[in-house]
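what follows is a protein structure lacking sequence information:
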């Protein structure tokens, strides 16, 4: 029960952060930051989440695998695009290029 509550809290915190980083559809963004699988409906928004494999980010990985963040964001018409990185430097480059909105390093 405690694990589920902690995971739900983490998902809620992530959702709050995601909403603050969303861009409206049609906002000028580099082409590379809009993958083909992230096809958007009219009026929907998209948030790009960067993640890397690490035990420190296990709650985020669990929330991703369980679909909690995607489900919560769908309720407010926000599409989530996950990007996996093997280490921090490529993730930093992605942020600098404007391809990611939120991530943990």
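Perfect, thanks for sending it. These numbers were taken from a predicted model, which means no experiment stands behind them. Residues are numbered from 1 along each chain as shown.

just say helix, strand or coil for residue 90.
Three-state call for residue 90 (DSSP: H, G, I helix; E, B strand; the rest coil): helix.

against residue 57, how distant is it?
The gap separating residue 90 from residue 57 is 16 Å, by CB to CB, to the nearest Å. For the C-beta atoms, the positions are set from N, CA and C on the backbone; glycine is no exception.

so for these two, which residue has more residues nearby?
Shown here are residue 90 and residue 57; by other CB atoms under 10 Å, residue 57 has more neighbours (17 against 13).

next up, the contacts around that one.
Listed by CB atoms under 8 Å, 6 or more residues apart in numbering, the contact partners of residue 57 are 51, 104.

name the SS class of it, please.
Strictly by three-state DSSP, residue 57 counts as helix.

cool, the one 5 residues further on as well?
Secondary structure for residue 62, judged by three-state DSSP, is helix.

how many neighbours does it have?
Residue 62 is flanked by 16 other residues according to other CB under 10 Å.

let's see the pLDDT reported for it.
Listed pLDDT for residue 62 reads 92.

equivalent analysis for residue 7, please.
pLDDT, residue 7: 63.

start at 55 instead
Understood, numbering begins at 55; the last thing we discussed is residue 61.

mind checking pLDDT for residue 159?
If you check residue 159, the pLDDT there is 76.

what of residue 127?
According to the prediction, residue 127 has pLDDT 93.

give me the phi and psi angles of the residue lying closest to it once chain neighbours are set aside.
The spatially closest residue to residue 127, leaving aside those adjacent along the chain, is residue 134, at 5.1 Å (CB to CB, 6 or more residues apart in numbering). Here is the backbone geometry of residue 134 (degrees, to the nearest 10): phi -110, psi 130.
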